[in-house]
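Novice: predicted structure and sequence below. I'll ask about it afterward.
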Amino acid sequence: MTRITNHRRRGNALIEFTLVGIPMIFVLISLFEMSRGMWIYHTLAHALKEGTRYASVHGQSCYDGTAPCPITIADVANRVKDSGVGLIPEDLNITISSMACTGCAPVQSVSCNPLSSCLLNTTQFPSDKAGNEPGLSEVAIIGTYPFRSAIAMFWPGAHGGIQFPAFNLPASARERVHF
């Protein structure tokens, strides 16, 4: 009698793995994708914060001990690029702005779509005219970065024919000019 019972249970492990294991693998892959999306967003926010901080400490009163230290759009863009480890500069779009007062309209605004288009821009930032006053002026950087899910590679028949849309992760940073 025992022999017949064991014979009937022989395929249970395979069926149980199919019913439980395969969905758990997809849950695990989805967890990795969500984590990757959060990592990209955090890296984007950190890069924009570093670019804003860099611009805010190089206002009109900045002095490095020997001469004033004006910066350019390229300096800010390079700081964002260097701080955004893993972000592709050709996919990152940012707008760098300086405001003469808190909540005012931008005095100087430069769009870098993509970021790599501003890496050689020699325009001074913030400009000497306005939006460069220590304690009163603000510098802001707004950016977007597309997130494309890698789950598409598991889609049956997606051998390059199916393109899943990307969605943009937005982030921004704003800080007062310190010097």
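Specialist: That came through, no problem.

Novice: the residue nearest the centre of the chain and Asn113, how far apart?
Specialist: The residue lying closest to the centre of the chain (CA atoms, centre = their mean) is Leu44, at 2.4 Å. Between Leu44 and Asn113 the computed distance is 15 Å (CB to CB, to the nearest Å). C-beta: built from backbone N, CA, C; applies to glycine.

Novice: for Thr18, same thing?
Specialist: Thr18 is 48 Å from Asn113, where distance means CB to CB.

Novice: in the protein, which spans are helices?
Specialist: Along the chain, counting by DSSP state H, helices occupy 2-8, 12-16, 22-56, 73-83.

Novice: quick check: buried residues in the last one?
Specialist: Of the residues in helix 73-83, those with enough neighbours to count as buried (16 or more other CB atoms under 10 Å) are Ile73, Ala74, Asp75, Val76, Ala77, Asn78, Arg79, Val80, Lys81, Ser83.

Novice: pick out the most distant pair among the residues you listed.
Specialist: Ile73 and Ser83 (15.8 Å; CB to CB).

Novice: for the closest residue in space to Tyr54 that isn't next to it in sequence, give me its contacts.
Specialist: Nearest in space to Tyr54, with sequence neighbours left out and distances taken as CB to CB, 6 or more residues apart in numbering, is Arg79 at 4.4 Å. By CB atoms under 8 Å, 6 or more residues apart in numbering, the contact list for Arg79 reads Glu50, Gly51, Tyr54.

Novice: least confident secondary structure element in this protein?
Specialist: When each helix and strand of the chain is scored by mean pLDDT, DSSP states H and E, helix 2-8 comes last, with a mean of 58.
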